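Undergrad: Below are the sequence and a predicted model; questions follow.
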Amino acid sequence: EFNMLSKFRDIEGEIFMGTISGLISFKPENITENTLQPKVYLSRIRKSGIYLNDSLTAVINRDKVISTKYNEDVFMEFSPLTFYGNSQTSLRYKIREKGDEWTEGESGGLLPLVKTEPGSYTIDIQLMNESGMGNSPIWTFNFIVEPPVWMTLGFRLTASALLLLIGLFTVRGYTRIRLERQKSQFLREQAVEQER
């Protein structure tokens, strides 16, 4: 933290500045251009209106996998790790399974994943500079939307087996009733024949 009124330039061009921790000095000709590329960092995640705690966000930053339930809205907030200042906070993203077209994030670093169909998606995130060009390495993560119970294979197999059993019992019951009717009609006809 600098003291704004504490600055001095000597005759050799060296600049001295006062900070709360002491005095620093540098020569402007020794300042090198920043060669570090900005990086994307996942700072917060909101699922269905509730923010996940920081430890879960750190795990997702490390593993680059996030899993969510069907019909659960997910908003991911990204921050740039950069030495260029705060002007480069916008990002763009693309969902590979939906094509190669990039989409600009909402309000700078916000990525909304709303009403996503069940499945596994690979999403690329990249920071953008003022001219709209990507200027950071692409940050890739997997987004998994778990299907609801009625869309799972187990549920479909169980429902099919249940429908098959209901169908079998219905046919069996209908056949038994029909045979009983035929039997009673045959017995009546036989009784009439005996009486004749």
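TA: Happy to help now that I have it.

Undergrad: out of everything not next to it in sequence, what's closest to the most centrally placed residue in the chain?
TA: Central residue of the chain (CA atoms, centre = their mean): Phe143, 4.1 Å from the mean position. What sits nearest to Phe143 in space, not counting adjacent residues and going by CB to CB, 6 or more residues apart in numbering, is Tyr121, at 4.5 Å. No exception for glycine: its C-beta is placed from N, CA and C like everyone else's.

Undergrad: before we move on, the earlier item: the residue nearest to the centre of the chain in helix, strand or coil?
TA: At Phe143, secondary structure determined by DSSP: H, G, I helix; E, B strand; the rest coil is strand.

Undergrad: check contacts around it.
TA: Neighbour list for Phe143: Ile66, Thr68, Val74, Ile95, Leu113, Thr116, Ser120, Tyr121, Thr122, Ile123 [criterion: CB atoms under 8 Å, 6 or more residues apart in numbering].

Undergrad: Just checking the distance from the strand or helix carrying the first one to the centre of its chain.
TA: Right, the one you point to is Ile66. Using DSSP states H and E, the element containing Ile66 is strand 65-69. Centre-to-centre, strand 65-69 and its host chain are 6 Å apart (CA atoms, centre = their mean, to the nearest Å).

Undergrad: For that strand, buried residues please.
TA: Ile66, Thr68 (16 or more other CB atoms under 10 Å).

Undergrad: and it, which strands flank it?
TA: Note on strand 65-69: by DSSP bridges, its sheet partners are strand 139-146 (parallel).

Undergrad: looking only at pLDDT, what's the mean for the partner strand?
TA: Averaged across strand 139-146, pLDDT comes to 92.

Undergrad: before we move on, what about stretch 151-158?
TA: When pLDDT is averaged along stretch 151-158, the result is 84.

Undergrad: Could you give the number of residues near the residue nearest to Ile66 when sequence neighbours are not counted?
TA: Once flanking residues are discounted, Ile66 sits nearest to Ile60: 5.2 Å by CB to CB, 6+ apart. Using other CB atoms under 10 Å, Ile60 is surrounded by 17 other residues.

Undergrad: From Gly109, how far out is Ile60?
TA: Between Ile60 and Gly109 the computed distance is 15 Å (CB to CB, to the nearest Å).

Undergrad: and Glu180, which of the three is it?
TA: Under three-state DSSP, Glu180 comes out as helix.

Undergrad: Which pLDDT value belongs to it?
TA: 91.

Undergrad: Any idea how many residues pack against it?
TA: Counted with other CB under 10 Å, Glu180 comes out at 10.

Undergrad: picking that back up, check the secondary structure at the residue nearest to Ile66 for me.
TA: What three-state DSSP gives for Ile60 is helix.

Undergrad: and it, what is it in contact with?
TA: Applying CB under 8 Å, 6+ apart to Ile60 gives the contacts Leu42, Ile45, Ile66, Phe141.

Undergrad: okay, now the residue nearest to Glu12 when sequence neighbours are not counted: neighbour count?
TA: Leaving aside its chain neighbours, Glu12 sits nearest to Lys27 (7.8 Å; criterion: CB to CB, 6+ apart). Counted with other CB under 10 Å, the neighbours of Lys27 add up to 11.
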